[in-house]
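Peer 1: Attaching a predicted model along with its sequence, questions to come.
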Amino acid sequence: MKNTMKVVMGATLMAGMLYSCNSKPQVELTLSGLDPANFESVINGKQTHLYTLKNAQGMEVCVTNFGGRIVSVMVPDKNGNMTDVVLGFDSIGDYKNIPSDFGASIGRVANRINKGRLVIDGDSIQLTTNNFGHCLHGGTTGWQYQVYEATQTNDSTLQLTMHSPDGDNNFPGNVEAHVTYALTSDNAIDITYSATTDKKTVVAMTNHSYFNLNGDPSKPATDCILYVASDSITPVDSTFMTTGEMMAVANTPFDFTTPKPIAPSVTEMSNEQIKNGNGFDHNWVLNTKGDISKVAAKLTSPTTGITLEVYTDEPGIQVYSGNFLDGTVKGKKGIAYPQRASMCLETQHYPDSPNKPQWPSIFLEPGQTYHSHCIFKFSVEK
């Protein structure tokens, strides 16, 4: 009997050990369903991670230090259901292998520089070009494709640092840039940027989140209601390059001084500027004049009631309606993103400012510090 008991106990112990060895450890997913393990990698010799920010209201923001990208934003809808309102990928592999700007901290210079050409103190500089012959969002290996150093100081704050060497995409100067994401108690993502240089250069950063406040990125988000505090845009040519002019929005599809749905204005191809941009891909000249206490733009979903207010000390905002999405890119949960599945609201200096001296400057000298501030504040309209 004793021998029989020993055999049974031994078999039970062995079975338990085999189960323990063969079973996978339980993984704690984020509220948005992301697996942090899928963001563990080494890119260009630097470790990547997923960082999770939370506040007392239950809001969650996930960020990877690869490109300083916001991966998910979980906010409550009008029924209290937590909803992910940004486009992105489930893994670092997709961010690395599928070209995109989803959620990125863009640098050195957001938007386009004409033909990638700069003149600084009489010296001509040719930057890398990557968009219709222009330098877009920092060039072929802009900061969205580089790894930031990251420090999460508490549950709701992440600090990112980029050491950009002299000659990075041919930009001059060793630049040290900082991005801080702070999730506030009133459901806002407060983003601050700063940078210094040891040689005269240009710096202009932004966040490139693709917002879908309907929470369903399998469909266009053009039913969302948009407001922009602006009376004019900086028009573009057929290569998306600013002409240097200002164009009044009155009596055009670009007039969102009174809130209205994005459609049908975004597809009014009879308008030359809509045709040139294939929708909205333009810089609105803000009336807020750098006052971050004033609403620069507001986006509302009639489906979920989720509202996004944008505040900034920048002079402009790029409104981009996801025109280049075409259903071929599959994002989180395998969802294919169709054209206009999102809206980007990129706070910025005007595109190609270095070549248009009539516009606010983005030149940065040694001894100076670049600063920029943006707030994405979420709420619900019932």
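Peer 2: On my side now, so go ahead.
Peer 1: Show me the strands in the stretch 151-300 of the chain, by range?
Peer 2: Assigned by DSSP state E, counting those that start in this stretch, the strands in the stretch 151-300 of the chain fall at 157-164, 175-183, 188-197, 201-202, 206-208, 210-211, 225-228, 230-234, 247-248, 260-261, 281-286, 297-300.
Peer 1: Please report the number of neighbouring residues for residue 125.
Peer 2: Other residues near residue 125 number 16, with proximity taken as other CB atoms under 10 Å. Quick note: C-beta positions are derived from backbone N, CA and C, even for glycine.
Peer 1: With residue 194 instead?
Peer 2: When neighbours are defined as other CB under 10 Å, residue 194 has 16 of them.
Peer 1: how many neighbours does the residue nearest to it when sequence neighbours are not counted have?
Peer 2: The spatially closest residue to residue 194, leaving aside those adjacent along the chain, is residue 178, at 4.9 Å (CB to CB, 6 or more residues apart in numbering). Here the number of neighbours of residue 178 (other CB under 10 Å) works out to 18.
Peer 1: Numbering from 177 from now on, please.
Peer 2: OK, 177 is where the count begins now, so the last one is residue 354.
Peer 1: So residue 354 sits against residue 336, correct?
Peer 2: Yes: contact status for residue 354 versus residue 336: in contact at 6.8 Å, counting by CB atoms under 8 Å.
Peer 1: before we move on, back to that, ok, now which ones touch the residue nearest to residue 370?
Peer 2: For residue 354, the residues meeting the contact criterion (CB atoms under 8 Å, 6 or more residues apart in numbering) are 335-338, 368-371.
Peer 1: how close does it get to residue 325?
Peer 2: Residue 354 sits 10 Å away from residue 325, taking CB to CB, to the nearest Å as the criterion.
Peer 1: Residue 277 sits in which helix or strand?
Peer 2: Following DSSP states H and E, there is no helix or strand that holds residue 277.
Peer 1: Identify the bridge partners of the residue lying closest to it once chain neighbours are set aside.
Peer 2: Setting aside the residues directly before and after it, residue 277 is nearest to residue 384 in space (CB to CB, 6+ apart), at 4.2 Å. Applying DSSP bridges to residue 384 yields these beta-bridge partners: residue 280.
Peer 1: How about the contacts made by residue 384?
Peer 2: If you count contacts by CB under 8 Å, 6+ apart, residue 384 has them with 277-282, 286, 313, 320, 520, 522.
Peer 1: what does the model give residue 351 for pLDDT?
Peer 2: Turning to residue 351, the model gives it a pLDDT of 98.
Peer 1: Retrieve the pLDDT associated with the residue nearest to it when sequence neighbours are not counted.
Peer 2: The shortest distance from residue 351 to any residue other than its chain neighbours is 4.3 Å, reached at residue 340 (CB to CB, 6+ apart). Predicted confidence (pLDDT) for residue 340: 98.
Peer 1: Same check on residue 224?
Peer 2: Note on residue 224: pLDDT of 98.
Peer 1: Contacts only, for it.
Peer 2: 215-218, 240-242, 268, 323.
Peer 1: Recalculate using a threshold of 6 Å.
Peer 2: Taking CB atoms under 6 Å, 6 or more residues apart in numbering as the definition of contact, the neighbours of residue 224 are 215, 217, 241-242, 268, 323.
Peer 1: Now, those that are in helices?
Peer 2: Applying DSSP state H to these, the entries found in helices are residue 268.
Peer 1: can I get the contacts of residue 224 in a markdown table with neighbour count, pLDDT and distance to residue 453?
Peer 2: A markdown table is the format used below for these (neighbours: other CB atoms under 10 Å; pLDDT from 0 to 100; distance: CB to CB, whole Å):
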| residue | neighbour count | pLDDT | distance to residue 453 |
| --- | --- | --- | --- |
| 215 | 23 | 98 | 33 |
| 217 | 17 | 98 | 35 |
| 241 | 28 | 98 | 32 |
| 242 | 26 | 98 | 29 |
| 268 | 24 | 98 | 31 |
| 323 | 23 | 98 | 32 |
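Peer 1: from the contacts of residue 224, which single one is nearest residue 358?
Peer 2: Using CB to CB, residue 241 comes nearest to residue 358 of the contacts of residue 224, at 15.9 Å.
Peer 1: Compute the distance between the closest one and residue 384, please.
Peer 2: With distances taken as CB to CB, residue 241 is found 15 Å from residue 384.
Peer 1: cool, and residue 219?
Peer 2: Between residue 219 and residue 384 the computed distance is 19 Å (CB to CB).
Peer 1: Please apply the same query to residue 267.
Peer 2: From residue 267 to residue 384 the distance is 19 Å (CB to CB).
Peer 1: got it, and residue 282?
Peer 2: Distance from residue 282 to residue 384, counting by CB to CB: 5 Å.
Peer 1: Can I take it that residue 320 is in a helix?
Peer 2: Yes: checked against DSSP: H, G, I helix; E, B strand; the rest coil, residue 320 lies within a helix.
Peer 1: Surely it touches residue 241?
Peer 2: No: counting by CB atoms under 6 Å, residue 241 is not a contact partner of residue 320; they are 11.7 Å apart.
Peer 1: mind saving the C-alpha coords of stretch 421-428 as PDB?
Peer 2: What follows is stretch 421-428, C-alpha atoms only, in PDB (Å, rounded to 0.1, in the frame of the first residue of the first chain):
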ATOM      1  CA  GLU A 421       1.000  82.300 -49.400                       C
ATOM      2  CA  MET A 422      -2.000  82.500 -47.000                       C
ATOM      3  CA  MET A 423      -5.500  81.500 -48.100                       C
ATOM      4  CA  ALA A 424      -8.600  82.500 -46.300                       C
ATOM      5  CA  VAL A 425     -10.800  79.600 -45.400                       C
ATOM      6  CA  ALA A 426     -14.100  81.500 -45.700                       C
ATOM      7  CA  ASN A 427     -16.400  80.000 -48.400                       C
ATOM      8  CA  THR A 428     -14.000  77.000 -48.800                       C
END
